[in-house]
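# Model the structure of this input:
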Amino acid sequence: MVRTIIQQLAIFLIPLILYIIYFYVERRRAKKRGLIGPRWEDSPWFWITLSGLVLTVMAFVLFAVLKDTNPLAPVIPPTGPQT
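Purely as a prediction, here's the structure:
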């Protein structure tokens, strides 16, 4: 359960992490040229959040479709070693 939550959180954060990398690269380029770099206030936060949500929903759907177990199948508990 915890692994699933961590996976979904990581998938949600992918667009933010990519934007932060892009932001710092652009800011560094602007400083080298003597220009004013991008500001955090002008960032497309709505689109970053929306893209993270879309990726998360797509991951949920893919994990559900690609899951190889039948939710209606009876649960068979594991047994110990046969002697």
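# show me the biggest helix of this structure in terms of residues.
If you go by DSSP state H, the chain has its longest helix at helix 2-33.
# Tell me which other helices or strands that helix touches.
Where contact means 3 or more Cβ pairs under 8 Å, 6 or more residues apart in numbering; DSSP states H and E, helix 2-33 is packed against helix 45-66. From N, CA and C alone the C-beta is placed, and that goes for glycine too.
# now the helix it packs on, how far from the chain's geometric center?
Chain-centre distance of helix 45-66: 7 Å, with Cα atoms, centre = their mean, to the nearest Å.
# try stretch 5-22
Distance, stretch centre to chain centre, for stretch 5-22: 4 Å (Cα atoms, centre = their mean).
# give me every residue that touches the residue most central in space within the chain.
The chain has Ile11 as the residue nearest its centroid, 1.1 Å off, counting by Cα atoms, centre = their mean. Listed by Cβ atoms under 8 Å, 6 or more residues apart in numbering, the contact partners of Ile11 are 52, 55-56, 59.
# what stretches of the protein score poorly on pLDDT?
Across the chain, the ranges flagged by pLDDT under 70 are 71, 82-83.
# Repeat the analysis, applying 80 as the threshold.
Residues of the chain that meet the criterion pLDDT under 80 lie in 1, 67-73, 75, 78-83.
# quick revisit: include distance to Lys31 and neighbour count when you put the contacts of Ile11 into a markdown table, please.
Listed next are those as a markdown table, based on distance: Cβ to Cβ, whole Å; neighbours: other Cβ atoms under 10 Å:
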| residue | distance to Lys31 | neighbour count |
| --- | --- | --- |
| Gly52 | 28 | 18 |
| Leu55 | 31 | 16 |
| Thr56 | 34 | 18 |
| Ala59 | 37 | 16 |
